[in-house]
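>>> generate coordinates for the sequence data below:
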Amino acid sequence: MEPTVKQFRKRNAILSCLRCTHIHPSAEDIYRMLQAEHPDISLATVYRNLGLFKRQGLIQSLGAVDGIERFDADTRPHVHFICTGCGAVLDLPELALPQSLGAEAEVSSGCQITGCQLTFTGVCPSCQQNYQEELS
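So this is what the prediction gives:
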């Protein structure tokens, strides 16, 4: 079955939504963000297209944060921080991935390295402040 114009409109809206945000949303977040403009979009459509975009290399999955898969339209190698308190996912653009890391991993493992994701976890400043206020 050939995709209809309506399907392309939804597909483009999903990709555009992901490219226009830096919150690293889940499929459910994207669905909620698109509901007003595309009331006929389904959560299944969002999931199906996110899978397609991942296979095409247009987006990347950051894996599960608090049990929910999160996505990033920036597929360039870069570093993330995930807050274990609130689940926020932040880009850390000031940190560069060492160029030698992939080569070292290939030598160490004997595998061909095709990508790398470096993620730090911890507590963001907002959660740190909330924790300090709870102690007071």
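>>> got the contact list for stretch 63-79?
Stretch 63-79 has contacts (CB atoms under 8 Å, 6 or more residues apart in numbering) with 15, 18-19, 24-28, 30, 50, 57-62, 80, 82, 87, 89, 91-93, 95-97, 115-116, 118-120. All C-beta spots, glycine's among them, are computed from the backbone N, C-alpha and C.
>>> list phi and psi for the spatially most central residue of the chain.
For the chain, the residue nearest the mean C-alpha position is Phe71 (2.2 Å; CA atoms, centre = their mean). In terms of degrees, to the nearest 10, the main-chain angles of Phe71 are phi -130, psi 160.
>>> spatially nearest residue to it, not counting backbone neighbours?
With sequence-adjacent residues excluded and distances taken as CB to CB, 6 or more residues apart in numbering, Phe71 is closest to Ile59, at 5.4 Å.
>>> what's the local residue count around the one you found?
A count of neighbours around Ile59, defined by other CB atoms under 10 Å, yields 22.
>>> gap between it and Leu52?
Distance of Ile59 to Leu52, computed by CB to CB, to the nearest Å: 10 Å.
>>> so how far is Gly57 from the closest residue to Leu43 other than its chain neighbours?
Distances taken as CB to CB, 6+ apart put Tyr31 closest to Leu43, at 4.9 Å, once the chain neighbours are dropped. Tyr31 is 23 Å from Gly57, where distance means CB to CB.
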